[in-house]
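> Compute the structure for the input listed below.
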Amino acid sequence: MSDLLSRRRQLMDIQTMEKNRLQIMPKEITSSIKPMLTVLKNQLEKVDNKLHKLIEICDEYKIKNDIIQSVPGVGKVVAFNLISEMPELGYINNKEASSLVGVAPLIVKVDSIKASE
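The predicted structure is shown next:
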């Protein structure tokens, strides 16, 4: 799954570059960019379908996917990434999960040091 997500990110990066080129290139060149964007869109759909199939064949992934996507604003791409990058979800509590991803506030106790005069 992580390889498919990596490939998806690569395709998205290429698509972004092509869309940027489409805005700045002369019209004569845009005719070669538009077919490339179509190919990239089709490849992204294929990768998304493969990811969806991986989730559908594994009951654990399917349950996690349903729970993750039940959160408003969270879609399939976020769910794919969380399932792949955080397999601990479902086995750890909220504090452990936030600490794992690095968003938990970290309290560091520092003993006061007296400087010698």
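> can we go C-alpha only for contacts and neighbour counts from here?
OK.
> Quick one, grab the pLDDT at N42.
Looking at N42, its pLDDT reads 97.
> for the residue nearest the centre of the chain, what are its contacts?
By Cα atoms, centre = their mean, the mean C-alpha position of the chain lies nearest to N81, the distance being 4.3 Å. Applying Cα atoms under 8 Å, 6 or more residues apart in numbering, we find N81 in contact with L5.
> so where's the protein shaky on pLDDT?
Within the chain, the segments meeting pLDDT under 70 span 106, 108-117.
> quick one: V78 from P26, how far?
Separation of V78 from P26 (Cα to Cα, to the nearest Å): 36 Å.
> Kindly report the same for L5.
Noted for L5: a distance of 33 Å to P26, by Cα to Cα.
> swap in I107?
On the measure of Cα to Cα, I107 and P26 end up 55 Å apart.
> Which one's more surrounded, those two?
Counted by other Cα atoms under 10 Å, I107 and P26 do not tie: P26 has more neighbours, with 10 against 6.
> Using CSV, list the CA coordinates for whatever helix or strand L100 lives in.
Following DSSP states H and E, the helix or strand that holds L100 is helix 94-101. This file holds the C-alpha atoms of helix 94-101, laid out as CSV (Å, rounded to 0.1, in the frame of the first residue of the first chain):
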residue,chain,number,x,y,z
ASN,A,94,-5.8,9.5,21.4
LYS,A,95,-2.8,10.8,23.4
GLU,A,96,-0.5,8.1,22.1
ALA,A,97,-1.7,8.7,18.5
SER,A,98,-1.2,12.5,18.7
SER,A,99,2.3,11.9,20.2
LEU,A,100,3.1,9.4,17.4
VAL,A,101,2.4,12.0,14.7
